[in-house]
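Visitor: could you look at this predicted model? Sequence included:
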Amino acid sequence: MPVSMFKLSVPVFIRGLNVLATLLDKAESHAAAKKIPLDDLFNARLAPDMLPLSGQIQRVSDTSKNAIGRLTEVPAPSFPDEEKTFSELRERIAKTIAFLETVKPSDLEKSDTKDVPIAFGKLKFTFTGDDYLLKFALPNFFFHVATTHDILRNQGVAVGKTDYLGPYG
């Protein structure tokens, strides 16, 4: 039996977003224990030309909701990138999850063959829906989840592989 586009996207995105929420909890606990200003973590980045922690979380949100918007007739909500606190990042994560929870398997039927045009910087592509999800949206999503994890680890937050993978079951 083939795996559905729904199963490959919505539950995966929700799981990753929940992992981010848990990472934020650990970051806040770390900051409190070490008496580090939360802004130091909020604005931390791995390299000067990379987005900070806040930007990574914004991209995870955008990638997941916009992937569904591109693959379905369900309009993705637009969230301005104006978060300034961990609480606001958590709210964005929650709003993204709430949107994803409205998507039904039937919304993604036949989305595997839909043409999905993408402009990424100067590059322009047109993918089939399945190639878009598997070769662009999911790798981009996980890049930003992993980068969030890596920024926190680089800042001394006690997170490891099991925190990145999240709970099973």
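Guide: Okay, I see it. Residues are numbered from 1 along each chain as shown.

Visitor: could you grab the helix/strand/coil label for residue 117?
Guide: Of the three states, residue 117 takes strand under DSSP: H, G, I helix; E, B strand; the rest coil.

Visitor: host element of the closest residue in space to it that isn't next to it in sequence?
Guide: Nearest residue to residue 117 in three dimensions, chain neighbours excluded: residue 126, at 4.7 Å (Cβ to Cβ, 6 or more residues apart in numbering). The C-beta positions use only the backbone N, C-alpha and C, and glycine is treated the same way. In this structure, residue 126 sits in strand 123-128 according to DSSP states H and E.

Visitor: that strand packs against which elements?
Guide: Helices and strands touching strand 123-128, by 3 or more Cβ pairs under 8 Å, 6 or more residues apart in numbering; DSSP states H and E, are strand 115-120.

Visitor: what's the burial count for the closest residue in space to residue 56 that isn't next to it in sequence?
Guide: Using Cβ to Cβ, 6+ apart and skipping the chain neighbours, the partner closest in space to residue 56 is residue 148 (4.4 Å). Residue 148 has 28 neighbours, counted by other Cβ atoms under 10 Å.

Visitor: hmm, residue 148 is touching residue 17, no?
Guide: No - assessed by Cβ atoms under 8 Å, residue 148 is found out of contact with residue 17, at 10.8 Å.

Visitor: can you list residues touching both of the two?
Guide: The contact sets of residue 148 and residue 17 overlap at residue 60 (Cβ atoms under 8 Å, 6 or more residues apart in numbering).

Visitor: ok, longest helix in the chain?
Guide: Criterion DSSP state H: the longest helix present in the chain is helix 5-34.

Visitor: one step back: parallel or antiparallel, which strands does the strand holding residue 126 pair with?
Guide: Sheet pairing of strand 123-128 (DSSP bridges) gives strand 115-120 (antiparallel).

Visitor: now the strand it pairs with: buried residues?
Guide: Residues of strand 115-120 classed as buried: residue 116 (neighbour count, 16 or more other Cβ atoms under 10 Å).

Visitor: hmm, who's touching it?
Guide: By Cβ under 8 Å, 6+ apart, the residues outside strand 115-120 that reach it are 70-71, 124-129, 132, 136.

Visitor: of these, just the buried ones, ChimeraX syntax please.
Guide: Buried members of the contacts of strand 115-120, defined by 16+ other Cβ under 10 Å, are picked up in ChimeraX with:
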select :70,71,127,129,132,136
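
Visitor: let me see the mean pLDDT of the following helix or strand past the strand holding residue 126.
Guide: Toward the C-terminus, strand 123-128 is succeeded by helix 129-131 as the next helix or strand (DSSP H and E). Mean per-residue pLDDT for helix 129-131: 97.

Visitor: okay then, goodbye and thanks.
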